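>>> Sharing a model that was predicted from the sequence below.
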Amino acid sequence: MHLAGDFHFCASFRVIDAAHFHAEITATLGFSPSSTVTRGSPIPHLAGRTAKHDIWVLDSPISEASNWSEHLRWLDEQLRPHLPYLRSLRQRGVEMDIFLGYRTDHDCSSFDVSPGAADIASAIGIPLHVSIIVA
């Protein structure tokens, strides 16, 4: 059964409060972040609020119409070749996570994540941070 409504998925790999590692992370991974946030900088979509953390972000470029499994597979493809480095960052106390966003206008909805799709988080040893917005 398919429910009518808007459903949007996104996923990002985030490195939190480790601005002194940003250049090293970019050089080691071999690609630039989708964005970075500097602690204290204004948050454009939240008037009057400032960022509480420094964050290096790699966003999945997969369409928001695609489910989390596809976003997570893309992140896995980018990050898995760098597991030893990412684990070493974690061992040095660097906080990382995978952010999963889900937005819908439907008050009763659900989603599936394919078996193994989130394995990259376990492989690195980092949490999944889930945000669900019903608007």
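In hand now; what should we look at? Numbering: from 1, shown residues only.
>>> is it true that S34 touches V57?
Yes. S34 is within contact range of V57, at 5.3 Å (criterion: C-beta atoms under 8 Å). Quick note: C-beta positions are derived from backbone N, CA and C, even for glycine.
>>> what is in contact with the two at once?
The contact sets of S34 and V57 overlap at S12 (C-beta atoms under 8 Å, 6 or more residues apart in numbering).
>>> Next, L100: phi, psi?
Backbone torsions of L100, given as degrees, to the nearest 10, read phi -120, psi 120.
>>> Could you double-check that it sits in contact with P127?
No. Look at L100 against P127 with C-beta under 8 Å: they stay out of range, at 10.5 Å.
>>> Of those two, which one has the most company?
L100 (22 against 13; other C-beta atoms under 10 Å).
>>> ok, now how distant is the more buried one from Y85?
Using C-beta to C-beta, to the nearest Å, L100 is found at 23 Å from Y85.
>>> what does L79 give?
Distance of L79 to Y85, given as C-beta to C-beta: 10 Å.
>>> Pull the distance from stretch 28-48 to the chain's centre.
Centre-to-centre, stretch 28-48 and its host chain are 13 Å apart (C-alpha atoms, centre = their mean, to the nearest Å).
>>> mind listing the strands in this structure by residue range?
7-16, 35-37, 55-59, 95-104, 128-134 (DSSP state E).
>>> That'll do, ta.
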